[in-house]
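Participant: Fold the following and give me the result.
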Amino acid sequence: MKLRVYNHSKGVKEEFEPLRPGTVSMYVCGMTPQDRPHMGHMLAFVSADLVRRTLEYFGYSVLHIQNFTDIDDKIIEKANATGRDAHELARTNMQRYFDAADSLGIRRASRYPLVTEHIQDIIAYIQRIVDAGHAYAAGGNVWFAVRSYPPYGRLSGRSVDELRASGRVEADPSKRDPLDFALWKAAKSGEPAWDSAFGPGRPGWHIECSVMATKYLGDTFDLHGGGRDLLFPHHENEVAQSCSLGGQYVRYWMHNGLLTLDGQKMSKSTGHFFGMDEVLAEFPGEVVRFYLMRGHFRNQMEFSRERLQEASAAYERLQRALLQLEEAVADPALGTGLPPGVTSPEGVALAEAAEQALIKFKEGLADDFNGEAALAALFELIRLANPFLVGRSRPAAMDAQPVRRALAVLREGLSVLGLFGSLPVREAIPPEIQDLVTQRDQARRARDFRRADELRALLQEQGFRVEDNPTGTRVRRV
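Facilitator: Numbering: from 1, shown residues only. Predicted coordinates:
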């Protein structure tokens, strides 16, 4: 099955063909850790994780690079405002990112390069751009000359003249053109700085990604991901400074939608966000991941506690179905009375539904990493399997093979999506609870229904629900 990817640089879906067969090189713009990570960040990184997991599911080996911008204006301003060291502030918030990412089941990238560890690489890269005639030093800064690169604006669909007319430029008297952007910023009193041939200073925002991406992935690589808010100016400037040296730089540009709060983008700069520490104090990490995957990652999402609660309820239904499937497979009544390899008509229908669900799951992921469609295929399988799980229509002696297959498909899909990977689905029932269940079964057989009801109530107080059906008694955690 071939993958099709929406390539932002072309504005169309196209068949994915990596630069090197069997291997995918992927760069994802990481956090600027001036503050704790928030839900908007995690939408981007869950999206990138879905892309990576899908690629690996389809047989590719993935080299995944995700940076940290651990020094820039925002970090310095935050450090000065709080009386903290900029380096220490960045490290603290980077660890907060890893804690949140681990909670959401986001796989670690192959490498997390930092700006401060690549200063000499950045200086050398800037010098190459200056030598190529696309940048100039002035006033201790180094500026990229936007008009020296005629394709500027193609990625974001903007023209140079429109940008100038809009006034969306950074004023500085040392620039030759208001549109030019900083590759190197002159040192300011009290700010971190490094020596260079251009004078003491620090890197501009955009240059770091070009340097670190090409250092670890090569001058041309397959996928570049990031939030839609990075399309301009960040990614546009990346393209200009990288391609000004020749080559393609990125083959497929991918941008996830934004997570909004009351209609506005979540942002650390404005304080308009929900921190991951707040959200994870209220909801399990896998529920948050599930919530962020319920829509296509390119679409905009609105955050609210109510929607998270809805996702939590749907997630519990998913978990309950998994538990019921595992219990059905373990049921000694299932599979008895029929010759090996023979199933009832109902079983044949369930087996066919499982195979169709797997096909639709793969088709969803192959169509531009559509996790929403992939999840829908799994929920449809649960809907079709449900009559067998609740005992309303399941033949008492149905072959276990179809139920096992449905469970295997569900498990396979959820594993690819990064769900239910860290916790066993089937929970062991404590011996003392099982003893109460046995006592209740004995009371029912003796027709002592008053005692049976008392034991049911006691089990509920302990957090367990009892279900009576034709194949016996089942108990599970509430």
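
Participant: I'd like the mean pLDDT over stretch 247-264, please.
Facilitator: Mean per-residue pLDDT for stretch 247-264: 87.

Participant: centre of the chain versus that stretch, how much separation?
Facilitator: Put simply, stretch 247-264 sits 13 Å off its chain's centre (C-alpha atoms, centre = their mean, to the nearest Å).

Participant: Just the buried residues of that stretch, please?
Facilitator: 249-261 (16 or more other C-beta atoms under 10 Å). The C-beta positions use only the backbone N, C-alpha and C, and glycine is treated the same way.

Participant: Repeat that for stretch 47-65.
Facilitator: 47-55, 57-58, 60, 62-65.

Participant: Give me the subset of those residues that lies in strands.
Facilitator: When the buried residues of stretch 47-65 are checked against strands (DSSP state E), the matches are Val62, Leu63, His64, Ile65.

Participant: lowest confidence element among the helices and strands of the protein?
Facilitator: strand 264-265 (a mean of 62; mean pLDDT, DSSP states H and E).

Participant: next helix or strand past that one?
Facilitator: helix 276-280 (DSSP states H and E).

Participant: which residues touch that following helix?
Facilitator: Arg36, Pro37, His38, Met39, His41, Met42, Arg96, Ala100, Ser103, Val288, Leu308 (C-beta atoms under 8 Å, 6 or more residues apart in numbering).

Participant: Also stretch 114-132?
Facilitator: 67-72, 87, 135-137, 142, 144, 183-184, 194, 196-198, 202-203, 207-208, 210-212, 215, 241, 244-245.

Participant: let's see it at 7 Å
Facilitator: For stretch 114-132, the external contacting residues (C-beta atoms under 7 Å, 6 or more residues apart in numbering) are 68-71, 135-137, 142, 144, 183-184, 194, 196-197, 203, 207-208, 210-212, 215, 241, 244-245.

Participant: For Phe144, name its beta-bridge partners.
Facilitator: Beta-bridge pairing of Phe144 under DSSP bridges involves Ala135, Phe181.

Participant: Verify the stated contact: it with Ala137.
Facilitator: No - using C-beta atoms under 7 Å, Phe144 is not in contact with Ala137, being 11.5 Å away.

Participant: neighbour count winner among these two?
Facilitator: The residue with more neighbours, out of Phe144 and Ala137, is Phe144; 26 against 19, by other C-beta atoms under 10 Å.

Participant: can you tell me how far the more buried one sits from Gly246?
Facilitator: Distance from Phe144 to Gly246, counting by C-beta to C-beta, to the nearest Å: 15 Å.

Participant: So which bits of whatever helix or strand Gln319 lives in are buried?
Facilitator: Element membership of Gln319 [criterion: DSSP H and E] is helix 305-330. Within helix 305-330, the residues that count as buried by 16+ other C-beta under 10 Å are 308, 311-312, 314-315, 318-319, 321-329.

Participant: out of these, who's nearest Phe232?
Facilitator: Taking C-beta to C-beta as the measure, Phe232 lies nearest Leu308 of the buried residues of helix 305-330, at 30.7 Å.

Participant: so who does the closest one touch?
Facilitator: Listed by C-beta under 7 Å, 6+ apart, the contact partners of Leu308 are Phe283, Tyr291.

Participant: Recalculate using a threshold of 10 Å.
Facilitator: Residues in contact with Leu308, defined by C-beta atoms under 10 Å, 6 or more residues apart in numbering, are Met39, Phe274, Val279, Glu282, Phe283, Val287, Val288, Phe290, Tyr291, Leu292.

Participant: From those, list just the buried residues.
Facilitator: Buried among these by 16+ other C-beta under 10 Å: Met39, Phe274, Val279, Phe283, Val287, Val288, Phe290, Tyr291, Leu292.

Participant: For His234, state which of those residues is nearest.
Facilitator: Of the buried ones among the contacts of Leu308, the one sitting nearest to His234 (C-beta to C-beta) turns out to be Met39, at 20.6 Å.

Participant: Ramachandran coordinates for that closest one?
Facilitator: phi -60, psi -30 (degrees, to the nearest 10).

Participant: picking up where we left off before, check the buried residues of helix 305-330 and tell me the two furthest apart.
Facilitator: Taking C-beta to C-beta, no two of these sit farther apart than Leu308 and Val329, at 31.6 Å.

Participant: Next, Ser156: secondary structure please.
Facilitator: coil (DSSP: H, G, I helix; E, B strand; the rest coil).

Participant: thought it was touching Phe232?
Facilitator: Yes - using C-beta atoms under 10 Å, Ser156 makes contact with Phe232 at a distance of 3.9 Å.

Participant: what is in contact with the two at once?
Facilitator: Joint contacts of Ser156 and Phe232 (C-beta under 10 Å, 6+ apart) are Leu163.

Participant: Need the phi and psi values for Ala446.
Facilitator: phi -80, psi 0.

Participant: same deal with Asp85?
Facilitator: According to degrees, to the nearest 10, Asp85 has phi -80, psi 130.

Participant: how many other residues sit next to it?
Facilitator: Applying other C-beta under 10 Å, I find that Asp85 has 12 neighbouring residues.
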